[in-house]
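[1] sequence plus the predicted model coming up.
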Amino acid sequence: MVGPRVRFAPSPTGYFHVGSARSALFNWFVARQSPDGFFILRIEDTDADRNREEWVDGIVSAMTWLGLDLDAGPFRQSDNFPAHVAATEALLAHGYLYYCDCTGDQVTERKGENKTPGYDGFCRDRGLARSERTALRFATPREGLTVVPDLIRGQVEFQNALIDDFVVAKSSGVVLYALANVTDDRNDRITHVIRGEEHLPNAPKQMLLWSALNDVSKQEVPLPLYAHLPLLVNEQRKKLSKRKDPVATESYRDEGYLPEAFVNYLALLGWSPRGDEEIVDRQLLIDQFRLEDVSHSPAFFDVKKLRSFNGEYIRRLSSEQFLEAVGPWVEPRDGQWQPTDRTPPWREEQFNRDLFVRVAPLVQERIALLGEAPGMVSFFFLDTPDFVEGDFDKSLRNDPVAQALLGVAIERFGEIEWRSDVLHETTVALGEAMGLNLRKAQAPIRCAVTGALIGPPLFESLEILGRDRTLTRLREALARCSA
RNA sequence: GGUCCCAUCGUCUAGUGGCCUAGGACAAUACCCUCUCAAGGUAUAGGCACGGGUUCGAAUCCCGUUGGGACUGCCA
């Protein structure tokens, strides 16, 4: 018994589409749930227009980030060109293919008059010879039914008569997707073709091609099983668009999503684990995943839920793991992966690792994205905090009582023991003396020291910041009020 | 237009003829906790597109309607 052999076959683009990521993931699940499962990455780069070296690297690194390890590859479809040509020649010799010199305009022109969809088979019996302007078309059977065995949708029927004679090789000789893909899948002995639903209309064509290839090669390679995954859509219920929707997996990584959270969320798009718990580990995903259980309807990629998952995953990290994970955002290092366009707001020499280690736990439970960490701790490292003007006006500039409180705080903070609990008590007392509850009393201090009214717990922060820097900031804030 | 796919809370889904006065998660709302913000806790609101069948019984099966989507390239 041979285990499932699956492949992820993206066409190279400048980024790794989240829909591709999900397809890759579901393929990987199928491969990993059998001891002898086999997962291949094949870059479908036959279209010369979109074929760049770095794009392949992008796909590989995104998959590595997601932890989708390969058993073979990455392979390039273009490397198999000789096999594709051999396939067309064999098919041509056995009458499965014919040359056509119709231009796109001519095909369109004849469309109205014909009941056949797409190309009308005009050249099928013209006996054209090869030339630099003839494409090769597949002579689709005029009758019969092709039934796609789809693990998700069941038996999907297509009338052969309604499938047009599609182009298999361009006049330039380049073999197109439909055939190249089938040729490679046969060579790789692929058992399950798992891909997006947009490929469902291709399936009958490819099955026809597969059978034809079996015939001409006298080699009976078993047809694969298909699984067409529901599309990922936007709030308009349209297929995720690269122009309007945030679809680049890399940008999610840059924002600080954890790969485990991303994988967990992706798995839930069109599928769900047993029971009421949605946050589950990778092994459980692998163990429980079944193509047969994948839903049939399109799924909206909900960044809000993804974000919530990510926050949960961040909170579940140990302190050490968290420190390791936020590293790239707070302390980027050469030779290590760094998020693009996300350098910390402080200069490298201003960063203090020991200090960060102390505040990290306070940050860990407050952020949903690793990329939010720098903004939350920048006041520790900047000489002057980055003031949110609205907060400053509200809590200090327009509030004489608050300014008075700051004045008293400067005195008292100079003489007490520098510990968060003492700072806490002192602030309570300070506030009481002026008729303010702690909620009110801490606000001006917080804003003076951190620059904003929201942030990590104040008294722990002050303890970590230190007495000198705290007092300096309180004085500067007071001065700033009259500036 | 043609072919094909799809249809449970706003969103992702559980549900495969009786366990459903439809469960969970995210989002929302309220309250509790609280030095801000989060986190956490509790609670509330919110759905089987519609119409016919089949059946003792339908969210679940069948048909139709409506609605949405994909494909329709010498792209993949």
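    Thanks, I have the structure now.

[2] mind listing what's buried along the lowest-mean-pLDDT helix or strand in chain A?
    In chain A, no helix or strand scores lower on mean pLDDT, DSSP states H and E than helix A:104-111, which sits at a mean of 80. Neighbour counts using 16 or more other CB atoms under 10 Å place residue A:107 of helix A:104-111 among the buried residues. Using the backbone N, CA and C atoms, a C-beta is placed for each residue, glycine as well.

[3] which helices and strands sit right next to that helix?
    Packing partners of helix A:104-111 (3 or more CB pairs under 8 Å, 6 or more residues apart in numbering; DSSP states H and E): none among the helices and strands.

[4] leaving out chain neighbours, which residue sits closest to the residue in chain A sticking out farthest from the centre?
    Using CA atoms, centre = their mean, the residue of chain A lying farthest from its centre is residue A:433. It sits 54.3 Å away. Of all residues beyond its chain neighbours, the one nearest residue A:433 is residue A:408 (7.5 Å), with distances taken as CB to CB, 6 or more residues apart in numbering.

[5] now the one you found: phi and psi?
    As for residue A:408, its main-chain torsions (degrees, to the nearest 10) stand at phi -70, psi -40.

[6] try the one 10 residues further on
    Backbone geometry at residue A:418, expressed as degrees, to the nearest 10, gives phi -90, psi 80.

[7] need the contact list for the nearest residue to it once chain neighbours are set aside.
    Leaving aside its chain neighbours, residue A:418 sits nearest to residue A:467 (4.8 Å; criterion: CB to CB, 6+ apart). Neighbouring residues of residue A:467 by CB atoms under 8 Å, 6 or more residues apart in numbering: A:413-414, A:418.

[8] filter those residues down to the buried ones, ChimeraX style.
    Here is the ChimeraX command that picks out the buried ones among those, judged by 16+ other CB under 10 Å:
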select /A:413
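
[9] the residue nearest to residue A:433 and residue A:430 touch, don't they?
    Yes: counting by CB atoms under 8 Å, residue A:408 touches residue A:430, with 5.7 Å between them.

[10] tell me how many other residues surround residue A:297.
    Using other CB atoms under 10 Å, residue A:297 has 9 neighbouring residues.

[11] how about the residues of the stretch 51-200 of chain A by RNA strand B?
    For the stretch 51-200 of chain A, the contact set with RNA strand B under CB under 7 Å from any atom of the strand comprises A:77, A:100-104, A:107, A:117-119, A:133-135, A:153-154, A:156-159, A:162, A:164, A:166-167, A:170-172, A:174, A:176-178, A:180-181, A:197-200.

[12] surely residue A:326 is in a helix?
    Yes: per DSSP: H, G, I helix; E, B strand; the rest coil, residue A:326 lies within a helix segment.

[13] for it, give me its contacts.
    A:256, A:360, A:363, A:370, A:373.

[14] check which helix or strand the third one maps to.
    Spelled out, it's residue A:363. helix A:353-364 (DSSP states H and E).

[15] that older thread, distance of the residue nearest to residue A:433 from residue A:482?
    Taking CB to CB, to the nearest Å as the measure, residue A:408 falls 17 Å from residue A:482.

[16] the two: who's more crowded?
    Neighbours were counted for residue A:408 and for residue A:482 using other CB under 10 Å; residue A:408 has more, 15 against 7.

[17] only C-alpha atoms, please: export the least confident helix or strand of chain A in PDB.
    Taking Å, rounded to 0.1, in the frame of the first residue of the first chain, the C-alpha atoms of helix A:104-111 are listed here in PDB:
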ATOM      1  CA  GLY A 104      -8.300  34.900 -30.700                       C
ATOM      2  CA  ASP A 105     -10.500  37.400 -32.700                       C
ATOM      3  CA  GLN A 106     -11.600  34.800 -35.100                       C
ATOM      4  CA  VAL A 107     -12.600  32.400 -32.300                       C
ATOM      5  CA  THR A 108     -14.600  35.200 -30.600                       C
ATOM      6  CA  GLU A 109     -16.200  36.200 -33.800                       C
ATOM      7  CA  ARG A 110     -17.600  32.700 -34.400                       C
ATOM      8  CA  LYS A 111     -18.800  32.300 -30.900                       C
END
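
[18] just the strands from the stretch 201-350 of chain A, written as ranges.
    A:225-229, A:232-233, A:299-300 (DSSP state E, counting those that start in this stretch).

[19] returning to that earlier point: and after the least confident helix or strand of chain A, which helix or strand comes next?
    Next element after helix A:104-111 (DSSP H and E): strand A:135-138.

[20] I'd like the average pLDDT over that following strand.
    Taken as a whole, strand A:135-138 has a mean pLDDT of 96.

[21] partner strands of that strand, parallel or antiparallel?
    On the basis of DSSP bridges, the sheet neighbours of strand A:135-138 come out as strand A:97-100 (antiparallel), strand A:167-169 (antiparallel).

[22] how far out from the middle of the chain is it?
    Relative to the chain's own centre, strand A:135-138 is displaced by 37 Å; criterion: CA atoms, centre = their mean, to the nearest Å.

[23] how much space separates residue A:94 from RNA strand B?
    21 Å (CB to the nearest atom of the strand, to the nearest Å).

[24] quick check, that residue in contact with residue A:216.
    Yes: between residue A:94 and residue A:216 there is a contact at 4.7 Å, judged by CB under 8 Å.

[25] comparing these two, which residue is more hemmed in?
    Neighbour tally, residue A:94 and residue A:216, criterion other CB under 10 Å: the higher count belongs to residue A:216, 17 against 13.

[26] what sits against that one?
    By CB under 8 Å, 6+ apart, the contact set of residue A:216 is A:90-91, A:93-94, A:96.

[27] for PyMOL, what selects the buried ones among those?
    To isolate the buried members of the contacts of residue A:216 in PyMOL, using 16+ other CB under 10 Å:
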select buried, chain A and resi 90+91+96
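
[28] for the contacts of residue A:216, give me a markdown table that also has secondary structure and pLDDT.
    Output for the contacts of residue A:216, formatted as a markdown table (DSSP: H, G, I helix; E, B strand; the rest coil; pLDDT from 0 to 100):
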| residue | secondary structure | pLDDT |
| --- | --- | --- |
| A:90 | helix | 97 |
| A:91 | helix | 97 |
| A:93 | helix | 96 |
| A:94 | coil | 97 |
| A:96 | coil | 97 |
